[in-house]
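Novice: Whatever this is, show me its structure:
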Amino acid sequence: MDSPGQPKGGNRSREARHGPSHSSGPRQKDAYARLLSQHHSVKFRSYLDQYAQQQGEEHLPSALRQGLVHSDKQDIPPRRRDQALIECSDSSDFSPSPMRGKGGEESSVSLYMDKLSVRAASQETERRHGVSDKQRRGERRDTNTSQDGDVESGEEFGFVRPQHQMRNKDRHSDLPVENHGKKNMSHGASPLKASSTGPVPEQEKKKSKKKNVPKNNLDNKPDGPAHTDLNADVSNSPLNKVKPAPPQGASVPSDKGKRNRGGRGGSKKQVFDEYMTVEDVSHWLKRGELVQGSIRINPKKYHEAFIASPDGKRDIFLDGIVARNRALNGDVVVVQILPQELWKVVKSDSEGVSEPEAQPGKGQTPGRKSKRPPSPDVIVEAEDEEQLAGSLQSVALNTTEVEGTKEVLQRTAKVVYIVEQKHSRAATGFLKFLPDKPFAMFSPVDHRVPRVNIPLADCPHDFPSRPGDYTNILFIARITNWPDDSNFAEGRLAKTLGQAGEIEPETEGILIEYDVDFSEFSDEVLGCLPQTLPWTIPPEELRNRRDLRKECIFTIDPATARDLDDALSCKLLPDGNFELGVHIADVSYFVEEGNALDFIASRRATSVYMVQKVIPMLPRLLCEELCSLNPLTDRLTFSVIWKITPEGKILSEWFGRSVIRSCVKLSYDHAQSMIEAPDKLFRADELPACSPEHPVDEIHRAVLNLHAIAKRLRAQRFESGALRLDQMKLSFTLDRETGMPQGCYVYQYRDSNKLVEEFMLLANMAVAHQIYRSFPQKALLRRHPPPQTKMVDDLQEFCDQMGLSIDFSSAGTLHKSLNETLGDDEYTSARKEVLTHMCSRPMQMAMYFCTGVLTEERLFRHYALNVPFYTHFTSPIRRYADLVVHRLLAASLGCGPPLELKGEEVQKQATQCNDKKTASKRVQELSAELFFSVFVKESGPLDSEAMVMGILDQAFDVLVLRYGVQKRIYCKGLEGLETFHFHKVGKKGEMTLVWAADEAGRVGVRQEISIFSLVDVQLRTDGTPMKYSAVIKRPNETV
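Specialist: Sure thing, here's the model as predicted:
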């Protein structure tokens, strides 16, 4: 079997590296040389290297010695080569097996294995006579054992793509083979060559560990985000001021613990490498020898992880938990690229793909929670109401092609340092009792998190005597330490949540796992709010603001909204133009920079919206009262007012602090009914209470004028090259008494939503220009990089083969293609949704940033909006980034104090906002997924038509049209299916299903499945909490 980690073809010679051969004659064609030239198995190479290490290369045949030499391009130290090439599924893999050639004579493998066995026997004899390993070959090797004494598997060894599945059925049992610790580097040598020296004395090793992996108090998590710029000068780096170490969960080998382990015979083997020093990391990052990025772990195949390539091309692959080196999903890590012969060979489009996280009901794996949605890792949006987002499935390949094939090599790497642990190190899961152990085993629901040893003292008092009572009880655990010699982390039990599958325990678990602060605000924080209630605007404040209280200003929000942070106005001027205003709650008036309220808001960074509740960024007194633009109440605002023509041409604009009195609170439904009935005279009882100063017909005219201008602005925006990627959103109706889901539906995005969105976009763009002009070094903007080129090229090829005329040359041409090429029938919207999902895969995520950290203005652009500058200004009640922008805007206009934050502090806050926005979106998705799974359990099974949106070799994904969820259907799990066959035409996958005849007399049926095929599916609960599945219904056609 060819190794996936090595290209096909002959072995590369390294004679140039090692000097001329000792023999000037022709190469000796012995059995070992023939075998090496014909076979590229990683397992064989492991045996070969082990034999070479035992024999010493000077005793090998010359051809074999040359065969052991690796590529000219990279230098692998012997110790690292040993690490990289061992691969075994269990202890039986070390036993030689008889292998014979076709003619019955012994094969080369058999000859080699016999020789290896003889050598092993001689080693045992030497040991009995007192000959130590170090005397014979300088260093000892053996298999690694777990805490339970089991032989560790080689599947999760980080550098080599696994050849065998684990024998252990538990998905958490990642069993890596031995790693040999950290390789110290001097600045004079490449990190790839750093460990070529001989064995390090024990005393030196201990000193090295103390220096390189300093201890960290895992219980004392810093209040602020620890953002580290490792590209900065080491002397000025914050990492140089304190002892560097991963903040949580990264184990620090204790010298005391190692001394207590006793002699060599009882010592535990090191599973993970030690981390490099911050000095080495900084040095090699500057030289381009290391790569820094956020790690993304595949939720479907948790032994696979990826980080983005700095050149913007294909992602870098990390194979196994050993290669991840105790990093968890989302952590900012530094990785070392492995030599090319250890890169992964990718043979199909489905290999080397990082699976996205889950969205409501989308493609579950066997397990309790679905982990496959449009991912929060891609948030391509213009404003909160506009969901331009899709999922990120980054094909993680390298452009190197294997000679003579269409296979490509994927760069692989291993983690050598954790810069910042973004993951909360908290997880929901279940406890398992372990007899005769002082700890219980905690198995997280998220398989990307390791299993955790929990002290029995943390467990319920009757857990040891009645463990069965807790089989379905959900717990929260926090990782406090992860030793470098164990596959299992250590942690503490934080809380007992309750019965798995119930809404409140599951919701609390989601919030804790994603580090959402849902605690009550402290007295110190509440003390920053006005203490005299009811609060009124001070007269001196009124004098400093533009008074707009007599204007016809109103809000348009979801019917259930209580934090109303934006309002609109539109007044016809005598010259036929309009005075159009966007008025945003002036939160910065109440939240002073630097106080306790500001600090907690900066840490939370965003409100978190779940199906049944909201976790607010600010205290409810501000969110729902003092800042909320409630009707018939004087409120402080920040306004942007334009003079604009009916065609949407802006003649002038004004920014400033103001005071308004909203005349009515409209819902999107109210505004939509006004748009759809322009000539109707609405009665007062058809709308919420209105101000007597502004009759209903005046409000109706204002809504119609806003709608007309918004349509023109929208048309201009898309003509100028903007892109919108709509995706279905699931909404629920809840029982008022129980809070349980009564029904669900696909949310409709209508003209009233588009109206509000268009003016929020306009205000955000105007403010972005204003604050960047005034503060070019510390403006907080939002950018959206263009999509990944290689993925776009692959998608273009796929669309061409499908006969779809999709133009990916720009955001504008893509938008136009999606709206013009998908037909005009009842399934047009479904086809568009499927194609939108595909087009969103190459998209990168939009992010906040400080303008001072980027040197080129072209990097500021927002790809989807196709504008040079963009920011968020319109939602300061629920987004901290908007609050910072308000402060910048006030300072630029001279109506507020100067911003105290420096440029690097603005960037630090921007990163915090990015992280919390991503987590918030993920929590929102998981909440919807939870409610939908409960709905399926209570109301299922649910039947629906579905459209095929992706085909794998043994499964296919469908869009369930009635509910807007995406599910993966596994062919092997279909009852009555006789056979299935997957094949590809170019990049187009197709599946043939053959249904067997059944007892009811129905004959066999052949069903062809391809992209856009319509199928009937049924959603049904699996009897496991938080899990439901989709099955395809048998068609009626005969073979």
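Novice: what's the closest residue to T851 other than its chain neighbours sitting at in phi/psi?
Specialist: Of all residues not flanking T851 in the chain, A779 sits nearest, at 4.5 Å (Cβ to Cβ, 6 or more residues apart in numbering). Where C-beta positions appear, they are placed from N, C-alpha and C, glycine not excepted. For A779, the backbone dihedrals (degrees, to the nearest 10) come out as phi -70, psi 140.
Novice: Next: I951.
Specialist: phi -130, psi 130.
Novice: returning to what we had before: distance check, the residue nearest to T851 against G739.
Specialist: 43 Å (Cβ to Cβ, to the nearest Å).
Novice: what does L342 give?
Specialist: Applying Cβ to Cβ to L342 and G739 gives a distance of 52 Å.
Novice: If you count surrounding residues, which of the two has more?
Specialist: L342 (29 against 13; other Cβ atoms under 10 Å).
Novice: The residue nearest to T851 is in contact with R887, isn't it?
Specialist: No - under the criterion of Cβ atoms under 8 Å, A779 is not in contact with R887, lying 11.3 Å apart.
Novice: higher neighbour count, the two?
Specialist: A779 (29 against 24).
Novice: for the more buried one, what are its contacts?
Specialist: Applying Cβ atoms under 8 Å, 6 or more residues apart in numbering to A779 gives the contacts 768, 771-772, 850-851, 871, 888.
Novice: Check E990 too.
Specialist: Here E990 is in contact with 951, 982-984, 1008-1010 (Cβ under 8 Å, 6+ apart).
Novice: next one: phi and psi at it?
Specialist: phi -140, psi 150.
Novice: what pairs with it across the strands?
Specialist: E990 forms beta bridges with H983, as assigned by DSSP bridges.
Novice: do K643 as well
Specialist: Counting by DSSP bridges, the residues bridging with K643 are E579, S652.
Novice: next one: R657
Specialist: F638.
Novice: Near it, how many residues? Count them for me, please.
Specialist: 21.
Novice: Over to the one 4 residues further on?
Specialist: Residue crowding around R661 was assessed by other Cβ under 10 Å; the count is 21.
Novice: now swap in L704 and tell me
Specialist: The burial count for L704: 18, using other Cβ under 10 Å.
Novice: Which SSE is immediately downstream of the helix or strand that it is a member of?
Specialist: Using DSSP states H and E, L704 falls within helix 696-719. Per DSSP H and E, the first helix or strand lying C-terminal to helix 696-719 is strand 730-734.
Novice: got the CA coordinates for that following strand in PDB?
Specialist: Provided in PDB are the C-alpha atoms of strand 730-734 (Å, rounded to 0.1, in the frame of the first residue of the first chain):
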ATOM      1  CA  LEU A 730     -34.800  28.600  11.000                       C
ATOM      2  CA  SER A 731     -37.200  30.300  13.400                       C
ATOM      3  CA  PHE A 732     -39.400  28.900  16.100                       C
ATOM      4  CA  THR A 733     -42.800  29.500  17.800                       C
ATOM      5  CA  LEU A 734     -42.600  28.600  21.500                       C
END
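Novice: Give me the sheet partners of that strand and which way each runs.
Specialist: strand 741-746 (antiparallel).
Novice: what's in contact with the strand it pairs with?
Specialist: Residues contacting strand 741-746 (Cβ under 8 Å, 6+ apart): 611, 728-735, 931-932, 934-935, 938, 962-964.
Novice: same thing with stretch 807-816?
Specialist: 718-724, 792, 795-796, 806, 817, 839, 863-864, 866.
Novice: Next, give me the two most distant ones among the contacts of A779.
Specialist: A768 and C850 (13.0 Å; Cβ to Cβ).
Novice: For D566, grab the count of nearby residues.
Specialist: With other Cβ under 10 Å as criterion, D566 counts 24.
Novice: Okay, and the beta partners of it?
Specialist: Beta-bridge partners, per DSSP bridges, of D566: I584.
Novice: That one and H583 touch, don't they?
Specialist: Yes - between D566 and H583 there is a contact at 7.0 Å, judged by Cβ under 8 Å.
Novice: For those two, list the residues in contact with both.
Specialist: L629.
Novice: in the sheet, who's paired with L942?
Specialist: L1019.
Novice: Quickly note the distance from it to D794.
Specialist: Counting by Cβ to Cβ - L942 and D794 are separated by 34 Å.
Novice: Give me the secondary structure label for the residue nearest to C552 when sequence neighbours are not counted.
Specialist: Excluding the flanking residues, the one nearest C552 by Cβ to Cβ, 6+ apart is H694, at 4.6 Å. For H694, the assignment made with DSSP: H, G, I helix; E, B strand; the rest coil gives coil.
Novice: Flag every buried residue along the strand or helix carrying V756.
Specialist: Here V756 sits within helix 751-774, counting by DSSP H and E. For helix 751-774, burial by neighbour count (16 or more other Cβ atoms under 10 Å) applies to 752-772.
Novice: what does stretch 626-637 give?
Specialist: Buried-residue list, stretch 626-637, by 16+ other Cβ under 10 Å: 626-631, 635-637.
Novice: go on, stretch 688-700?
Specialist: So stretch 688-700, judged by 16+ other Cβ under 10 Å, has buried residues 690-691, 694, 696, 699-700.
Novice: Likewise for stretch 451-462?
Specialist: 451-454, 456, 458-460.
Novice: how long is that stretch end to end?
Specialist: End-to-end distance of stretch 451-462: 22 Å, with Cα to Cα, to the nearest Å as the criterion.
Novice: so for it, what's the average pLDDT?
Specialist: Stretch 451-462 shows a mean pLDDT of 94.
Novice: hmm, who's touching that stretch?
Specialist: Contacts of stretch 451-462 (Cβ under 8 Å, 6+ apart): 147, 172-173, 427, 429, 431, 438-444, 463-464, 469-470, 477, 479, 487-493, 496.
Novice: what about K908, which SS state?
Specialist: helix.
Novice: ditto for the one 5 residues further on
Specialist: When states are read from three-state DSSP, the local structure at C913 comes out as helix.
Novice: Next, work out how far apart it and D515 are.
Specialist: Counting by Cβ to Cβ, the gap from C913 to D515 is 14 Å.
Novice: Which of these two has more residues huddled nearby?
Specialist: C913 (25 against 16).
Novice: returning to what we had before: check the buried residues of stretch 688-700 and tell me the two furthest apart.
Specialist: Farthest pair in the buried residues of stretch 688-700, by Cβ to Cβ: S691 and H700, 14.0 Å.
Novice: hang on, the earlier thing: most widely separated two among the contacts of E990?
Specialist: K984 and E1008, at 14.0 Å, using Cβ to Cβ across these.
Novice: These two: which has the busier surroundings?
Specialist: K984 (14 against 11).
Novice: E579: which of the buried residues of stretch 451-462 is nearest?
Specialist: V452 (61.0 Å).
Novice: if I look at I316, how far off is M276?
Specialist: For I316 relative to M276 (Cβ to Cβ), the value is 17 Å.
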